[in-house]
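[1] here is a sequence with its predicted model. Questions after.
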Amino acid sequence: MNRGTVAIAIVQHQVMIIQLVQGYSHHRRDRWLDVYTYTPFGDHLFLASSVPQARIASSDLLTIFPFRTTTTDMIELPAQAYQEFLQLKAKHQKKQESLWRAWKAKLR
């Protein structure tokens with residue numbers, strides 16, 4: 001992955017669009033990625049989040065897109081990438097709801 005690579009990742013328990021701040025190699029010491037984070041602003045459009053920079057584990061990456069961007073304030077995803085984001089977000093939401101229901105059931 002190179003600087004500017006756009007991907008989908010889990011950041012603070014949320015599915016978000018991220019952009020890599022610097023290049024990444026698959027060495028053991030590179031388990032952490034410095035990224036810019038983006039939140040949805042409408043169809044295909046994402047704006048920098050309220051906490052625009054984060055450090056995430058490389059294992060939190062869900063999908064890496066085959067394109068890069070140099071802008072850091074806004075990203076517009078192609079239709080297929082946007083659909084993939086929506087699907088992963090819905091899947092993650094279902095998983096979280098299931099975990100919550102299981103936890104509540106244990107408390108009863």
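    That came through, no problem. Numbers count the residues shown, from 1 in each chain.
[2] any idea of the pLDDT on the closest residue in space to Ser59 that isn't next to it in sequence?
    Spatial nearest neighbour of Ser59, chain neighbours left out: Arg31 (7.8 Å); criterion: CB to CB, 6 or more residues apart in numbering. For the C-beta atoms, the positions are set from N, CA and C on the backbone; glycine is no exception. In this model, Arg31 is scored at 84, pLDDT.
[3] what sits against Arg31?
    Contacts for Arg31 (CB atoms under 8 Å, 6 or more residues apart in numbering) come out as Ala57, Ser58, Ser59.
[4] okay, and the beta partners of the first one?
    Read it as Ala57. Counting by DSSP bridges, Ala57 forms beta bridges with Trp32.
[5] these two touch, right, it and Trp32?
    Yes - between Ala57 and Trp32 there is a contact at 6.3 Å, judged by CB atoms under 8 Å.
[6] and the contacts of Arg31, which is closest to Ala105?
    The shortest gap between Ala105 and any of those belongs to Ser59, at 28.4 Å (CB to CB).
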